[in-house]
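In: predicted model and sequence follow; I will ask about them next.
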Amino acid sequence: AQSVTQPDIHITVSEGASLELRCNYSYGATPYLFWYVQSPGQGLQLLLKYFSGDTLVQGIKGFEAEFKRSQSSFNLRKPSVHWSDAAEYFCAVRPLMDSSYKLIFGSGTRLLVRP
Amino acid sequence: DSGVTQTPKHLITATGQRVTLRCSPRSGDLSVYWYQQSLDQGLQFLIQYYNGEERAKGNILERFSAQQFPDLHSELNLSSLELGDSALYFCASSATENEQFFGPGTRLTVL
């Protein structure tokens, strides 16, 4: 079945530490891939996206993500986390065979940052 | 600020009632999407409109309906409300397939 999986519900890291949030997808063809962040009481903000080309994608706020076709993964990374990064992070896909542009979201990973 | 506005920010109502949520897309965006975010279902796509026409439907209940007006703003109508309809409802807009811009959401509480 087609799905987007974020295996970690919560992750806690210390400020200044590195971060990796996992995302796996299950689709016939590689879909378009996105990471969004939702801060408390806020809407969703796009961090980065992957359509094709270079498998390492740079985004806003110092985030990057790496697409690995062999693992059907699109993990989000940040070398040094700031307290303001505490939020919920969603991986999303847009299936290529879909005539609409709707997004399918993972269940989210809540990031807690220790001072 | 994404440029997408949603009103109201919060809505509290009773079971059986009907409410209307409003969304104004970014200037020039022809597509509007509605998503529901609930604790048990997560973020789910409800429906998409493109330039006034319905383009795609997700798991939208029959009690829910939407429309997009000539000025491109959209409304999501929720009727015969149940406790389980309590959720955060997001509107997003896009001009291309590259990115959807999300509004701040409307938090609906059904008592």
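Out: It's in.

In: contact partners for the residue most central in space within chain B?
Out: Centroid check for chain B by CA atoms, centre = their mean gives B:W34 as the closest residue, at 3.5 Å. Going by CB atoms under 8 Å, 6 or more residues apart in numbering or on different chains, B:W34 touches B:23, B:45-48, B:60, B:66, B:74, B:76, B:89-91. No exception for glycine: its C-beta is placed from N, CA and C like everyone else's.

In: which element is it on?
Out: Using DSSP states H and E, the secondary-structure element containing B:W34 is strand B:31-38.

In: in stretch B:11-31, what counts as buried?
Out: B:11, B:13, B:19, B:21, B:23-26, B:29-31 (16 or more other CB atoms under 10 Å in any protein chain shown).

In: near chain B, which residues of chain A?
Out: For chain A, the residues in contact with chain B (CB under 8 Å from any CB of the partner chain) are A:32, A:36, A:41-46, A:49, A:51, A:90, A:94, A:98-108.

In: taking the residues you listed one by one, which sit in strands?
Out: Taking DSSP state E, the ones among the residues of chain A next to chain B that sit in strands are A:32, A:36, A:44-46, A:49, A:90, A:94, A:104-105.

In: my guess is B:H73 meets B:T20, correct?
Out: No: using CB atoms under 8 Å, B:H73 is not in contact with B:T20, being 11.6 Å away.

In: who wins on neighbours among the contacts of B:W34?
Out: Of all the contacts of B:W34, the most densely surrounded is B:C91 (30 neighbours; neighbours counted as other CB atoms under 10 Å in any protein chain shown).

In: pull the number of nearby residues for the residue nearest to A:N24 when sequence neighbours are not counted.
Out: Spatial nearest neighbour of A:N24, chain neighbours left out: A:T5 (4.7 Å); criterion: CB to CB, 6 or more residues apart in numbering or on different chains. Residue neighbour count, defined by other CB under 10 Å, stands at 14 for A:T5.

In: how about the one 5 residues further on?
Out: Other residues near A:H10 come to 10 when the count uses other CB under 10 Å.

In: wait, doesn't it sit right on A:L112?
Out: Yes: using CB under 8 Å, A:H10 and A:L112 qualify as a contacting pair, with a distance of 6.6 Å.

In: for the residue in chain B positioned nearest to chain A, list each beta-bridge partner.
Out: When distances are taken as CB to the nearest CB, chain B reaches nearest to chain A at B:A56, 3.2 Å away. When bridges are assigned using DSSP bridges, the partners listed for B:A56 are B:Q48.

In: what of B:L11?
Out: For B:L11, the beta-bridge partners are B:L108 (DSSP bridges).

In: what do you get for B:Y35?
Out: Note on B:Y35: beta-bridge partners B:F45, B:F90, judged by DSSP bridges.

In: that one and B:I47 touch, don't they?
Out: No: if you go by CB under 8 Å, B:Y35 and B:I47 don't touch, sitting 9.3 Å apart.

In: would you list the phi and psi of B:L83?
Out: Dihedral angles phi and psi of B:L83 (degrees, to the nearest 10) take the values phi -60, psi -40.

In: no no, A:I60
Out: Listed backbone geometry of A:I60 is phi -90, psi 170, with angles given as degrees, to the nearest 10.

In: how near is the spatially closest residue to it that is not a sequence neighbour to A:Q38?
Out: Of all residues beyond its chain neighbours, the one nearest A:I60 is A:L47 (5.9 Å), with distances taken as CB to CB, 6+ apart. For A:L47, the distance to A:Q38 under the criterion CB to CB, to the nearest Å works out to 11 Å.
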